[in-house]
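Participant: the following block contains a protein sequence and its predicted model.
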Amino acid sequence: MESPFTYILITLFFSSILLSIIFLMTWQTMGKQKYALMFSLSFLASSVLWANSLFKSLFLSHNLYWMIGCSVSMLSVLLGTWGHCLRTNTKINPATLLSLGVFGMALTYYFTYISPHLGLRMSLYLYIDVVLLMITSVVIIQHRIKSRPAEIGASALHFIFAVCLFIAASIALAQGKDMDVELIKWYAIVNFTALPAAYVGMSVFVIYMLASDLAEEMKLLAMTDLLTNCLNRRGFYIQAKQTMLELQKQQQHVCLIYWDIDKFKAINDQFGHAGGDQVLISITQLIKLHIKKDDLIGRMGGEEFVILVGRSHYQDAINVAERLRAIINHTPIPFGEQKINVTASFGVVELNDQNIPIEQAIDLADTALYQAKSSGRNKVVFSEPQSF
Ligand SMILES: Nc1nc2c(ncn2[C@@H]2O[C@H](COP(=O)(O)OP(=O)(O)OP(=O)(O)O)[C@@H](O)[C@H]2O)c(=O)[nH]1
């Protein structure tokens, strides 16, 4: 009958192999994102770690077994940290991570071969793993202002895993130079109870986090117009409701601008559909350069667009449309060797103190736009207050 620890090691070995395969498949399905590959390699390194412990008795030299175990343990944590930095675009020099690993190995080598000290040999590399796991926990939670539940869980589990490792390392260190049977017993208990649970929990949360990344990407895709990269009609309605409330709460002056490229059919007829598409792309890029990052721009269909702006001063808010009209009027769009002159008409509704839903605001701005069109185009028309 094998020891229960052997069965735990076998379970951990197969779990790590499975996790490595899952992340490899994720890497394939998520457009070969480098971080998913890092996670796959990290779990592969873990499986080598568990296999190393399983076949411990086959090693002629215990020190060699120990050095291999420490290297793959640190490699696994290093790859995980690196992966999380890549996912969150956290600037970290891979050389810094690598030197931490080399430093840990050098210390372990020193206290294994040169000046044997059991406590230091067993604990120092684990303390470095703890530092790396803590860094990862912070990297995950700092990624965005409002973390998603999966990120909070993944960050918390990295922290818990780090705490478990810290406890194991401290028990190991407390032994001092030579083995203490009582402490080794406690070390094994932490190693084979709390650590596997935290390890599996951490892995599951990382999978959940990547699944939520994918769901978020799909949601964004369903709300985006692929030609111009603006929000589509559905996306604009969803986002605008939220943004309008936030801007009004901040006592900003909010304007809704409905605009439409003039005689777009004629542009298509003269320059072809590709020329028309180029105008749509270039005009929206131009507009984005001249509005604030937090202003919302959506494509309502064809050559019709809508912008929600919030400004601290009333005059600034209502000036936005006139400024954009003039910019479009004075910026010919390059198309191959040619230049396409474009104008646009604008309808504006000022939303302050008017508790009207976004759908109604769009209708009002559309009516003002219609007036701009019928009174000669290349104009801005404001919706009359009495129309509310
Ligand atoms: N190139 C291109 N054309 C599009 C796209 N979507 C709609 N259109 C064309 O846009 C044109 C819109 O024409 P109209 O609604 O008559 O408007 P207009 O010619 O701009 O005239 P006014 O709005 O009255 O100034 C149609 O010919 C559509 O085929 C698109 O994604 N790409």
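Facilitator: Okay, I see it.
Participant: apart from its neighbours in sequence, what residue is nearest N378?
Facilitator: Spatial nearest neighbour of N378, excluding adjacent residues (Cβ to Cβ, 6 or more residues apart in numbering): T343 at 3.9 Å. (C-beta placed from N, C-alpha, C; glycine too.)
Participant: count of neighbours near the one you found?
Facilitator: Residues lying near T343 (other Cβ atoms under 10 Å) number 14.
Participant: can you check the pLDDT for it?
Facilitator: Looking at T343, its pLDDT reads 96.
Participant: list the contacts of it.
Facilitator: T343 is in contact with I261, D262, R325, I328, N329, R377, N378, counting by Cβ atoms under 8 Å, 6 or more residues apart in numbering.
Participant: switch those residues over to TSV; also include pLDDT.
Facilitator: Shown next, in TSV, are the contacts of T343 (pLDDT from 0 to 100):
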residue	pLDDT
I261	97
D262	96
R325	96
I328	96
N329	96
R377	94
N378	96
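Participant: among these, which ones are buried?
Facilitator: I261, D262, R325, I328, N378 (16 or more other Cβ atoms under 10 Å).
Participant: which ones among those are found in helices?
Facilitator: Judged by DSSP state H, the buried ones among the contacts of T343 include R325, I328 as members of helices.
Participant: and the buried ones among the contacts of T343 near the ligand, which?
Facilitator: I261, D262 (Cβ under 6 Å from any ligand atom).
Participant: and the buried ones among the contacts of T343, which two are furthest apart?
Facilitator: Farthest-apart pair in the buried ones among the contacts of T343 is I261 and R325; separation 11.4 Å (Cβ to Cβ).
Participant: which residues do these two both contact?
Facilitator: Common neighbours of I261 and R325 (Cβ under 8 Å, 6+ apart) are T343, A344.
Participant: how's this protein carved up into domains?
Facilitator: 4-221, 233-382 (automatic domain parsing).
Participant: L227: which of the ones you listed is closest?
Facilitator: Nearest to L227, of all the domains of the chain, is domain 233-382, at 6.0 Å by Cβ to Cβ.
Participant: tell me the gap between that closest one and the middle of its chain.
Facilitator: Distance of domain 233-382 from the chain centroid (Cα atoms, centre = their mean, to the nearest Å) equals 29 Å.
Participant: gap between the two ends of it?
Facilitator: Terminal residues of domain 233-382 lie 22 Å apart, using Cα to Cα, to the nearest Å.
Participant: identify the residues contacting whatever residue of the chain ends up closest to the ligand.
Facilitator: Of all residues in the chain, G276 sits closest to the ligand, at 2.6 Å by Cβ to the nearest ligand atom. By Cβ under 8 Å, 6+ apart, G276 lies in contact with F264, I267, N268, E303.
Participant: hmm, the last one is touching W259, no?
Facilitator: The reference is to E303. No - E303 is beyond contact range of W259, at 9.2 Å (criterion: Cβ atoms under 8 Å).
Participant: of the two, who's got more company?
Facilitator: Set side by side, E303 and W259 show more neighbours around W259, with 27 against 21, by other Cβ under 10 Å.
Participant: so what strands line up beside the helix or strand hosting the more buried one?
Facilitator: According to DSSP states H and E, W259 maps onto strand 253-261. Strands that pair with strand 253-261, judged by DSSP bridges, come out as strand 304-311 (antiparallel), strand 344-350 (antiparallel).
Participant: C-alpha coordinates for that strand, CSV please?
Facilitator: In CSV, the C-alpha atoms belonging to strand 253-261 read as follows (Å, rounded to 0.1, in the frame of the first residue of the first chain):
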residue,chain,number,x,y,z
HIS,A,253,-23.5,69.7,-19.7
VAL,A,254,-24.5,66.9,-22.0
CYS,A,255,-25.2,67.2,-25.7
LEU,A,256,-26.3,64.5,-28.2
ILE,A,257,-25.1,65.1,-31.7
TYR,A,258,-26.7,63.3,-34.6
TRP,A,259,-24.7,63.7,-37.9
ASP,A,260,-24.7,62.4,-41.4
ILE,A,261,-22.4,62.7,-44.3
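Participant: what's the following helix or strand after that strand?
Facilitator: Following strand 253-261 in sequence, per DSSP H and E, is helix 264-289.
Participant: buried residues in that next one?
Facilitator: Residues of helix 264-289 classed as buried by neighbour count (16+ other Cβ under 10 Å): 264, 267-268, 271, 275-276, 278-280, 282-284, 287-288.
Participant: which strand residues bridge the residue nearest to V320 when sequence neighbours are not counted?
Facilitator: Excluding the flanking residues, the one nearest V320 by Cβ to Cβ, 6+ apart is V309, at 5.1 Å. Counting by DSSP bridges, V309 forms beta bridges with C255.
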